[in-house]
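1. kindly return the folded structure for what I paste below:
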Amino acid sequence: MAERFSSMYSVDSALAKVLQQRRQKLGALIESPVLLWSGRAPSKNFLANQYSFRASSHFLYFAGLPIQGAAICLHQGQVTLLMEDVPDSDALWHGVSPTRQQIAEQIGAIAHYPLSHFPDYRAAATIPVQDLWTRSQQSQVLGRSWQDATDLQGIDRDLAEALVQLRLVQDESAIAAIQEAATVTVRAHLAGIHQTHSAHTEAQVRAAMESVLLAENMTTAYTSIVTVQGEVLHNLYSHRKLQPGDLLLADVGAEHPLGWAADVTRTWPVSGQWSATQRAIYDVVLAAHDACIAAIAPGVEYAAVHLTAARVIAAGLVDLGILKGDPTTLVERGVHALFFPHGVGHLLGLDVHDMEDLGDLAGYAPGRTRSDRCGMQYLRLHRPLQVGMVVTIEPGFYQVPAILGAARQQAALEDCVNWERLATFEDVRGIRIEDDVWVTPKGPQVLTAALPTQADEIVQLMHSSPVG
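-> Take a look at the predicted model:
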């Protein structure tokens, strides 16, 4: 039992210190008790056939361990654990589990109670979780209900704002875990690049990548995107055959066992050779990627970083004859969004889109709301960068038939798009290049820099022997 306990539920002295610091910081920001639930794994077809469990990120941030079916009360820097002991009969199916007392000792709880004996927590603030079983329990204990976590009121809203203030900036423990996830993610992408020359389907490349994560006891931080249909931004299907001339877009990121995420995208030619048009567009996207990373510094507005990507892409497409006019004016008109419709990135942390369960509360500074301006409405982060933030940088180029088809019908765009020239780039369906960047006092530190971005380096990797 001791071996399973130490490997499955382990908080070392360094993590224990970090957890205590997080709890104390929360206690300084909010006076009321805070009650956070871990959640429960949903079932597939029948109750005992469960999906993999993933604890609520808000719970993980303060508990440090992914404990299913538990809650913690945080008040004045102290934590109380609430959970049921696992019945002895469960050992037949899952082995011996640690007791509630043992887990309480691990996380530094001052007290522990079974869920069936909840003290009176009606004055506690909370964040609603996703699964319906826990949501019902929350409502019963706290005497109130919620539609979702994007419209919180009263003390719950106060808690959400406090969580944003704490989690916007990552501490050393978080950075170390994100770096571990990033390192494994880089290895996964290298495996996918090497696998492509012998693979016949997207799924085979995806399997090679995800097997690296599994071998390191990690999972995916989100559903992997490994597709030759790169113009479909969240293409979650991997059944297509790989054909010469295709570009393969792989957006795959590892999740650390304690929940911290990495998020990386690379695009490469299935055949191991870029066509002239593919290479030309790739270099435009890479130029935007590099310019954005170079622009990252404390105090810089993330929206300005996004607009840097937009202007570089617009200028590159003007140079290629696809767009016509002044790049700055094209961006002001939103013309670049025909090919780069999304924001340049997002916060990264315990969630791959960190704290987006709170809507735009984390991504948008107080007083700011989403723009309806073309090319800006999908911006996920609109606040000044701070030391300790981790963000993604992921510019792209996509030929989305629905977007381009509608645009071609607009007379207002006739003066800025050369449709005939664009037709010569039909073998470029989607390209995205994404890295994870830590904002430091000295500027940007790319946590995924070990994975090449240069077009020549990527194809060289495809033709080289795998390492390790």
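2. which ones are touching residue 37?
-> Contact criterion CB atoms under 8 Å, 6 or more residues apart in numbering gives 56, 59, 70-71, 126, 129, 134, 137-138 as the residues in contact with residue 37. (Each C-beta comes from the backbone N, C-alpha and C, glycine too.)
3. now, these that are in strands?
-> residue 71 (DSSP state E).
4. what's the closest of the contacts of residue 37 to residue 397?
-> Of all the contacts of residue 37, residue 56 has the smallest distance to residue 397: 36.1 Å, by CB to CB.
5. and the closest one, how far from residue 126?
-> 10 Å (CB to CB, to the nearest Å).
6. most surrounded residue in the contacts of residue 37?
-> Neighbour counts for the contacts of residue 37 peak at residue 71, which has 28 neighbours (criterion: other CB atoms under 10 Å).
7. can you list the domains in this protein?
-> Described in terms of automatic domain parsing, the domain architecture of the chain consists of the residue ranges 2-167, 172-463.
8. just give me the residue right at the centre of this protein.
-> Nearest to the geometric centre of the chain sits residue 352, at 1.5 Å (CA atoms, centre = their mean).
9. how much space between that one and residue 394?
-> 12 Å.
10. most tightly packed of the domains of the chain?
-> domain 172-463 (a mean of 19; mean count of other CB atoms under 10 Å).
11. surely residue 20 and residue 64 touch.
-> No - contact criterion CB atoms under 8 Å: residue 20 and residue 64 do not qualify, at 10.1 Å.
12. contacting residues for residue 318?
-> Counted by CB under 8 Å, 6+ apart, residue 318 has contacts 324-325, 327, 330.
13. dump those to CSV, plus secondary structure and pLDDT.
-> Formatted as CSV, these follow (DSSP: H, G, I helix; E, B strand; the rest coil; pLDDT from 0 to 100):
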residue, secondary structure, pLDDT
324, coil, 97
325, coil, 96
327, helix, 97
330, helix, 97
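14. what do residue 352 and residue 394 both touch?
-> With contacts taken as CB under 8 Å, 6+ apart, residue 352 and residue 394 have residue 263 as neighbours in common.
15. mind exporting the strand or helix carrying residue 62 as CSV, just the C-alpha atoms?
-> When elements are defined using DSSP states H and E, residue 62 is found to belong to helix 57-63. As requested, C-alpha coordinates have been extracted for helix 57-63 and formatted as CSV (Å, rounded to 0.1, in the frame of the first residue of the first chain):
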residue,chain,number,x,y,z
SER,A,57,-8.3,23.1,-12.2
HIS,A,58,-9.3,25.5,-9.5
PHE,A,59,-9.3,22.5,-7.0
LEU,A,60,-5.9,21.3,-8.3
TYR,A,61,-4.3,24.7,-7.9
PHE,A,62,-4.8,24.6,-4.1
ALA,A,63,-5.0,20.8,-3.4
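16. all further residue positions should be reported with the first residue as 880.
-> Yes, from this point I'll number from 880; that puts the last item at helix 936-942.
17. what mean pLDDT would you report for it?
-> Computed over helix 936-942, the mean pLDDT rounds to 97.
18. now do it: which elements does it pack against?
-> Other helices and strands packing on helix 936-942, by 3 or more CB pairs under 8 Å, 6 or more residues apart in numbering; DSSP states H and E, are helix 892-908, strand 913-916, strand 950-954, helix 1033-1046.
19. who touches the first one?
-> Residues external to helix 892-908 that are found in contact with it (CB under 8 Å, 6+ apart): 890, 913, 940-943, 953-958, 986-987, 1041-1042, 1044-1045, 1050-1052.
20. so what's residue 1039 up against?
-> 1006, 1028, 1031, 1237, 1240.
21. measure it to residue 1282 for me?
-> The value you get for residue 1039 to residue 1282, if CB to CB is used, is 34 Å.
22. try residue 1104
-> For residue 1104, the distance to residue 1282 - CB to CB - is 19 Å.
23. excluding chain neighbours, what is closest to residue 1051?
-> Counting by CB to CB, 6 or more residues apart in numbering, the nearest residue to residue 1051 once its immediate chain neighbours are dropped is residue 897, at 7.6 Å.
24. okay, the one you found: pLDDT?
-> Model confidence at residue 897 (pLDDT) stands at 96.
25. also residue 1172?
-> pLDDT, the model's per-residue confidence, is 98 for residue 1172.
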